[in-house]
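> Quick one: sequence plus predicted model below, questions after.
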Amino acid sequence: MKITGIEMRRIAMPLVAPFRTSFGTETARDVLLVRVVTPDSEGWGECAAMSEPLYSSEYADGAAEALRRFLIPALPARVDAFGTGRALAPFKGHRMAKAALETAVLDAQLRSSGQSFASFLGAAAERVPCGVSVGIMDSIPELLDAVEGYLSEGYVRIKLKIQPGWDLAPVRAVRERFGPDVPLQVDANAAYTLTDAPHLAKLDAFDLLLIEQPLANDDMVQHAALARRITTPVCLDESIESAEHAAAAITLGACSIINVKPARVGGYLEARRIHDLARAHGVAVWCGGMLETGIGRAANVALAALPGFTLPGDTSASRRYFATDITPPFELRDGHLNVPAGPGIGVDPVQDILDEVTTSTEWITR
Ligand SMILES: O=C(O)CCC(=O)N[C@@H](C(=O)O)c1ccccc1
């Protein structure tokens, strides 16, 4: 596939409500979009990097610079998604930047051939059950109101962000208010250390699906030690940046569940490799989220339909984060999102909305 040019576009997307995690509070998303143009199609990729390097070392301006100076120039004149991964491999890190570019190439390639992401990736379902991520709140009553709202919208799983000082009380309150049967999990975003093991073991009383990334992203051995001291299944997110990391984590017993985020691992091809590896080991995976717009959300929903994605993902409806999405909104129906069936990611930006939220565009000819 010949690439005639690539656009990098920055958009400002206000969130419907502040989203607080153990590493900070988001009130708006400064999103970098990549558009790959070929003679007979164009493809879109969304870079999930945040404005600041708080979730990982990547951030939007840094991703744009890596794409502009190194990754885009490294692409051959004619390339497909697999060739893109090979061309970008020599560059260390910058996985979210790489993921955006590879996804845009893959989207253009699949739109041209008429194949959907779901079909290309090997989806086994036409809709996926959806969980929702609930941020740290100022009070327990506020949290319970939020959870009640999401449950009434039909979300099939609740994920609570936790941190030291906001963990046992919110989990206990949700269990006491909504009962023992609501699928419930927690996400620490690396806020604890192994010395907190006795405290984290108190979460075992609440029959959680999992505890996500309790320790630092490079604490693979310590996660294995923690997993032996608590009964709640350990799920890794930030620690798993590749299929090799997943293999190491499974071998070490550092996790029994993996949150697969294509942005974190460099794209959908590597995400599928992790899915396949985990499935071969009987390890469940679920699709994580990075507050994506409908562009990234569409591709994530296709991935979440693969057979090894046996736990509900953070694939929420567009309205969970945005009053107006840049694509036709993803809407929850009976706790599920439909998997886009059209060519490529199966959705297109609504140009007027996209132009309204655009803060800059940059065209790179080939
Ligand atoms: O539903 C979503 O898209 C967000 C899910 C979620 O909680 N993402 C968290 C995470 O740590 O997984 C996150 C939020 C913001 C930035 C990075 C990560």
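Everything's here; your move. Residues are numbered from 1 along each chain as shown.

> Tell me which residues touch Ala323, please.
Pro14, Val16 (Cβ atoms under 8 Å, 6 or more residues apart in numbering). All C-beta spots, glycine's among them, are computed from the backbone N, C-alpha and C.

> Using the three-state scheme, assign it.
Here Ala323 is coil, with the state taken from DSSP: H, G, I helix; E, B strand; the rest coil.

> Ramachandran angles for it?
Reported as degrees, to the nearest 10, the phi and psi values for Ala323 are phi -70, psi -40.

> Same check on Leu160?
Torsion angles at Leu160 (phi, psi; degrees, to the nearest 10) stand at phi -110, psi 130.

> That one - how many residues pack around it?
When neighbours are counted by other Cβ atoms under 10 Å, Leu160 registers 24.

> so it touches Ala188, yeah?
No: if you go by Cβ atoms under 8 Å, Leu160 and Ala188 don't touch, sitting 10.0 Å apart.

> And the helices in the stretch 251-366 of the chain, which stretches?
Listed in chain order, the helices of the stretch 251-366 of the chain (DSSP state H, counting those that start in this stretch) span 262-265, 268-280, 294-303, 351-357.

> Could you check how far the residue positioned nearest the centre of the chain is from Asp187?
Nearest to the mean C-alpha position of the chain, by Cα atoms, centre = their mean, lies Gly289 at 2.8 Å. Using Cβ to Cβ, to the nearest Å, Gly289 is found at 11 Å from Asp187.

> Point out the residues in the stretch 101-250 of the chain that sit beside the ligand.
Residues of the stretch 101-250 of the chain lying close to the ligand (Cβ under 6 Å from any ligand atom) are Ser133, Asp187, Asn189, Asp237.

> List just the nearest of those to the ligand.
Of all these, the ligand sits closest to Ser133, with 3.3 Å by Cβ to the nearest ligand atom.

> hang on, the earlier thing: which neighbours do Gly289 and Asp187 have in common?
Counting by Cβ under 8 Å, 6+ apart, the residues touching both Gly289 and Asp187 are Ser133.

> same question for stretch 239-252, mean pLDDT?
Model confidence over stretch 239-252, given as mean pLDDT, is 98.

> Just the strands from the stretch 51-200 of the chain, written as ranges.
Assigned by DSSP state E, counting those that start in this stretch, the stretch 51-200 of the chain shows strands spanning 127-129, 131-134, 157-161, 184-187.

> So which other helices or strands are in contact with the first one?
Judged by 3 or more Cβ pairs under 8 Å, 6 or more residues apart in numbering; DSSP states H and E, strand 127-129 is in contact with strand 336-338.

> With the third one instead?
The criterion is 3+ Cβ pairs under 8 Å, 6+ apart, and the helices and strands that strand 157-161 contacts are strand 131-134, helix 140-153, helix 168-178, strand 184-187.

> Count the residues that sit near the nearest residue to Asp276 once chain neighbours are set aside.
Using Cβ to Cβ, 6 or more residues apart in numbering and skipping the chain neighbours, the partner closest in space to Asp276 is Gly308 (7.4 Å). With neighbours defined by other Cβ under 10 Å, the count for Gly308 comes to 22.

> ok, Gly308 touching Leu277?
No: look at Gly308 against Leu277 with Cβ under 8 Å: they stay out of range, at 9.4 Å.
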